[in-house]
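S.K.: With the sequence up front, the predicted model follows.
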Amino acid sequence: MDPRDLLATAPCLILSALTLGYLALCVAAPFGRCRTCKGTGRKLSTFGRLRRECRRCAGTGLRLRVGRHAINHIKDEYQAAKR
């Protein structure tokens, strides 16, 4: 194999491995920490005194990962096509 061929295919292989690793993470652990409240489920009010329930995660501190959204969408489309 020519070194130029190896240099050309290496980024593709690395990108494929990273994508498959992220999808495996989304299957194994579909929820991640909420970025807005940093996983606490509470957020400071505008004036910084009161702690209120985070609107993004509804107070759970967890959010569905983007990759899991994609997996769920693909599964829903597949189920709709089977009907």
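M.R.: That came through fine.
S.K.: which residues are in contact with whichever strand or helix holds Arg68?
M.R.: Element membership for Arg68, per DSSP states H and E: helix 66-82. With contact meaning C-beta atoms under 8 Å, 6 or more residues apart in numbering, helix 66-82 is reached by Tyr22, Leu23, Leu25, Cys26, Val27, Pro30, Phe31. C-beta: built from backbone N, CA, C; applies to glycine.
S.K.: can we see that at 10 Å?
M.R.: Helix 66-82 has contacts (C-beta atoms under 10 Å, 6 or more residues apart in numbering) with 19, 22-27, 29-32, 63-65.
S.K.: okay, the nearest residue to Thr36 once chain neighbours are set aside: pLDDT?
M.R.: Excluding the flanking residues, the one nearest Thr36 by C-beta to C-beta, 6 or more residues apart in numbering is Arg56, at 4.5 Å. Per-residue pLDDT puts Arg56 at 90.
S.K.: And the strands in this protein?
M.R.: 31-33, 42-44, 51-53, 62-64 (DSSP state E).
S.K.: neighbouring strands for the first one, and are they parallel or not?
M.R.: Just to be clear, that refers to strand 31-33. Partners of strand 31-33 in the sheet, by DSSP bridges, are strand 62-64 (antiparallel).
S.K.: Distance check, the most centrally placed residue in the chain against Phe47.
M.R.: Closest to where the C-alpha atoms of the chain average out (C-alpha atoms, centre = their mean) is Arg65, at 2.6 Å. Going from Arg65 to Phe47 by C-beta to C-beta, to the nearest Å gives 32 Å.
S.K.: before we move on, what about Ser16?
M.R.: From Ser16 across to Phe47, the span is 48 Å (C-beta to C-beta).
S.K.: Thanks a lot, catch you later.
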